[in-house]
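Engineer: After the sequence you'll find the predicted model.
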Amino acid sequence: MADTKRIKHAKQVRVIPGFGLTLGITIAMLSLLIIIPLASVLLYSFQLNPSEFWKLITAQNVINAFKASIICALIAALINSVFGLILAWVLVKYEFPGKRLLDGLIELPFALPTAVAGITLSKMYSNTGFPGSFFSSIGIDISYTHIGIVIALIFIGIPFTVRAVQPVLEKLDGQYEEAAYILGASRTKTFFKVIFPELFPSLLTGFGLALARGIGEYGSVIYISGNSAKNGTQVVSYVIMQKLERMDYASATAIALVLLIISFLLLFAVNIIQIRRSRRISVR
Amino acid sequence: MSIKNLFKTKKLKSTVALALIIGITAGSMTACGNSSADEKTSANSSGKITITNVSYDPTRELYQKYNEAFVKYYKEKNNQEIEVVQSHGGSGSQARSVIEGSDADVVTLALAHDITLVEQAGLIDEGWINEFDGDSSPYTSTIVFLVRKGNPKNIKDWDDLIKDGVEIINPDPKSSGGACWNFLAAWQYALNNNNNDEAKAKEFVTKLYANVTVMDSGARGATTTFVENGQGDVLIAWENEAINSVKEYPGEYELVTPSISILAQPSVAIVDANAKKNGTQDAAKQYLEYLYSDEAQKIIGENGYRPSNQEILKTFSDTFDLNVELVTINDFGGWDAAYDKFFNDGAIFDEIYNG
């Protein structure tokens, strides 16, 4: 431990010439692109007085929209964590023809305009498309329901979890696995006691990113959600767009502010878990 | 440790210097933006005039054809080349983009209300609505039903829509200005058939919106849901959009005009502040005036909009049902009153839909 500290210290002294420059760029970019826009959101929403703010935020359709956005994003991020791990596992651990192609496909959801994805998904999963017609014949409607929202969020979130887990999995020393195996651990035990703890922090990172993206998503969701206030399939970003359409900037930014705070708290919680977890590992 | 470094004055200086440099670069970048605007005006003096028409979604094809005709006309009349740049999007968001600085010389939007918003931002002079004929509406449209071939649910009028088992595709009036027309048309039908009893009208629209299975955010989205995804029995749509869908998919859809509907008056106006700045006042005026010419009115009719010229409208009597009774937004006291009464938060629409 002491050794690594000293090495780190030595490195920092040597690296220093670039510090002022890089920090300067960082601060300038952060303030131009993130801090100032976020501050203006805060400022805009202060146009409402507290009672107006409270009335707006507790309106039934706004609460329903928060519920829909957060619950669907949580479910989608969980599903993405499981499938992201499996996908990353397949891509790292096995050799098979077409592997490079599959690897390249992972990022495509990022490149596709979200509205195109939304329209395509809504068509596929409506009761007239494939595979939507199959599901609807066994009584599961996907498009224009909460399931549809989750599907859209899985689509846009999957790259985050795969790309978060993949590099860690690649660097994972195969010797641990072998050692566990030689010491008589079963396959399941090896996975859950040896491999999974190593992957967990990166899995959480991917989960957090997918969740954050999903909570604020607009383009891909509005076409498949049906936007029914009655069925509670309006997402928060849709309600914000409703307000913007009426030039009601104050209400729009107020809802956005609450959304930001909730997202921040969720991501903060993810970070706390991550820190706790890694501390436990290093103590062990 | 890194914090310590930050507070060493030398480091802090270079940080500040860098922030300054970036600030200056950003500043010069915006300066570049300005100079390109200057180029536009200088190009104007050397020959070609450019005007920008900010319009809404379904007018894309109409203005493509109209611009061709106008460019030709303008060249002949003024011996001057002109180019028209088109921009399309949701009517409300287009109005917003003009308010926020998009350089439109003219706006041709779905609602007079959207143009009023631009006026309130100080970009359009008061009294624009009387600047051109017919409340500055060179073309009108109305709300009709699009049904599947053979009209399997036998939908003839508004009261057929509230029957059990009829699935309606209808955009959300809370997010789409255009969708407010659909609501108002239904409301008026209910009033007329219930001796102006508002409680009965509420009941009627409650039933109607209970039959809406997919509520898209805008008219185009609703058309996609009905036509591409095969959802619902009837789409409540703009007449021009419905005419286009019937044309595009021959034999698949039928257009039904209800007994009562609403006269939609898409309005046009010169964005005076921008036109003055760009020196395009005269060109912009001619652009909008020419919309009333016989040739333009014919193009308008061919693209599914009702020409404001009654003589030319009659020649399109096989396209448009001219017997429909049309109410106007003035029957509801204008857009502001309609928004207050029906569409603002907590108003009638929230009551009948969320309640």
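Structural biologist: Received, thanks.
Engineer: Spell out which residues of the stretch 251-355 of chain B are next to chain A.
Structural biologist: Within the stretch 251-355 of chain B, the residues that sit near chain A (C-beta under 8 Å from any C-beta of the partner chain) are B:344-345, B:350, B:353-354. C-beta coordinates here come from the backbone N, C-alpha and C atoms, glycine included.
Engineer: how does it look with 7 Å?
Structural biologist: Applying C-beta under 7 Å from any C-beta of the partner chain, one finds that the stretch 251-355 of chain B approaches chain A through B:353-354.
Engineer: in the stretch 251-355 of chain B, which spans are strands?
Structural biologist: For the stretch 251-355 of chain B, the strands defined by DSSP state E, counting those that start in this stretch cover B:253-256, B:260-264, B:267-270, B:306-307, B:325-327.
Engineer: Can you redo these as TSV, where the extra columns are mean pLDDT and mean neighbour count?
Structural biologist: What follows is the strands of the stretch 251-355 of chain B, written out as TSV (pLDDT from 0 to 100; neighbours: other C-beta atoms under 10 Å in any protein chain shown):
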stretch	mean pLDDT	mean neighbour count
strand B:253-256	96	17
strand B:260-264	93	24
strand B:267-270	95	24
strand B:306-307	96	25
strand B:325-327	94	16
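Engineer: Out of these, flag the one nearest B:D318.
Structural biologist: Nearest to B:D318 among the strands of the stretch 251-355 of chain B is strand B:253-256 (11.8 Å), distances taken as C-beta to C-beta.
Engineer: Output that closest one as PDB - backbone C-alpha positions only.
Structural biologist: The C-alpha trace of strand B:253-256 is given here as PDB (Å, rounded to 0.1, in the frame of the first residue of the first chain):
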ATOM      1  CA  TYR B 253     -58.600   4.500 -46.900                       C
ATOM      2  CA  GLU B 254     -61.700   6.600 -47.200                       C
ATOM      3  CA  LEU B 255     -62.300  10.200 -46.200                       C
ATOM      4  CA  VAL B 256     -65.500  11.000 -44.300                       C
END
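Engineer: contact partners of it?
Structural biologist: B:144-149, B:151, B:155-156, B:242-243, B:245-246 (C-beta atoms under 7 Å, 6 or more residues apart in numbering or on different chains).
Engineer: quick revisit: switch the strands of the stretch 251-355 of chain B over to a markdown table; also include distance to A:H146.
Structural biologist: Formatted as a markdown table, the strands of the stretch 251-355 of chain B follow (distance: least, C-beta to C-beta, whole Å):
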| stretch | distance to A:H146 |
| --- | --- |
| strand B:253-256 | 30 |
| strand B:260-264 | 34 |
| strand B:267-270 | 40 |
| strand B:306-307 | 41 |
| strand B:325-327 | 39 |
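Engineer: so where does the nearest residue to A:L102 once chain neighbours are set aside fall, helix or strand?
Structural biologist: Spatial nearest neighbour of A:L102, chain neighbours left out: A:L91 (6.8 Å); criterion: C-beta to C-beta, 6 or more residues apart in numbering or on different chains. Following DSSP states H and E, one finds A:L91 within helix A:60-93.
Engineer: which residues touch A:A229?
Structural biologist: A:61, B:353-354.
Engineer: Can you tell me which of those has the most neighbours?
Structural biologist: Sorting the contacts of A:A229 by how many neighbours each has (other C-beta atoms under 10 Å in any protein chain shown) puts B:Y353 first, at 21 neighbours.
Engineer: what's the closest non-adjacent residue to that residue?
Structural biologist: Closest residue to B:Y353 apart from its sequence neighbours, by C-beta to C-beta, 6+ apart: B:Y209 at 5.3 Å.
Engineer: go on, A:A117?
Structural biologist: Here the residue nearest A:A117, using C-beta to C-beta, 6+ apart, is A:S220, at 4.5 Å.
Engineer: What separation do you get for that neighbour and chain B?
Structural biologist: For A:S220, the distance to chain B (C-beta to the nearest C-beta, to the nearest Å) stands at 13 Å.
Engineer: what's around that residue, how many residues?
Structural biologist: Using other C-beta under 10 Å: A:S220 sits among 27 other residues.
Engineer: With respect to chain A, which of the contacts of strand B:253-256 is nearest?
Structural biologist: In terms of C-beta to the nearest C-beta, no member of these lies closer to chain A than B:R148, at 12.0 Å.
Engineer: The closest one and B:V256: what is the separation?
Structural biologist: 11 Å (C-beta to C-beta, to the nearest Å).
Engineer: thinking again about what came up before, which residues touch the residue nearest to A:L102?
Structural biologist: A:99, A:102-103, A:166.
Engineer: Kindly reformat the residues you listed as TSV containing distance to A:I272.
Structural biologist: Converted to TSV, the contacts of A:L91 look like this (distance: C-beta to C-beta, whole Å):
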residue	distance to A:I272
A:K99	36
A:L102	34
A:D103	32
A:Q166	24
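Engineer: thinking again about what came up before, pLDDT averaged over the strand or helix carrying the residue nearest to A:A117 - what is it?
Structural biologist: Per DSSP H and E, A:S220 falls inside helix A:219-225. Helix A:219-225 shows a mean pLDDT of 91.
Engineer: May I have the next helix or strand after it exported as PDB, CA atoms only?
Structural biologist: Using DSSP H and E, the helix or strand that directly follows helix A:219-225 along the chain is helix A:236-245. Provided in PDB are the C-alpha atoms of helix A:236-245 (Å, rounded to 0.1, in the frame of the first residue of the first chain):
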ATOM      1  CA  VAL A 236     -41.500  13.200 -17.900                       C
ATOM      2  CA  SER A 237     -39.800  14.500 -21.000                       C
ATOM      3  CA  TYR A 238     -43.200  14.400 -22.800                       C
ATOM      4  CA  VAL A 239     -44.900  16.500 -20.100                       C
ATOM      5  CA  ILE A 240     -42.000  19.000 -20.300                       C
ATOM      6  CA  MET A 241     -42.500  19.200 -24.100                       C
ATOM      7  CA  GLN A 242     -46.200  19.900 -23.500                       C
ATOM      8  CA  LYS A 243     -45.300  22.800 -21.400                       C
ATOM      9  CA  LEU A 244     -42.700  24.100 -23.900                       C
ATOM     10  CA  GLU A 245     -45.300  23.800 -26.600                       C
END
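Engineer: what helices or strands is the next helix or strand after helix A:236-245 leaning on?
Structural biologist: The helix or strand immediately downstream of helix A:236-245 is helix A:249-283, counting by DSSP H and E. Helices and strands touching helix A:249-283, by 3 or more C-beta pairs under 7 Å, 6 or more residues apart in numbering or on different chains; DSSP states H and E, are helix A:36-45, helix A:50-57, helix A:196-216, helix A:236-245.
Engineer: so which of those helices gets nearest chain B?
Structural biologist: Across the helices and strands packed on helix A:249-283, chain B has its closest neighbour in helix A:236-245 (4.5 Å, C-beta to the nearest C-beta).
Engineer: by contact count, what packs against that closest one?
Structural biologist: When contacts are defined as 3+ C-beta pairs under 7 Å, 6+ apart, helix A:236-245 packs onto helix A:60-93, helix A:249-283.
Engineer: I appreciate the help and will end here.
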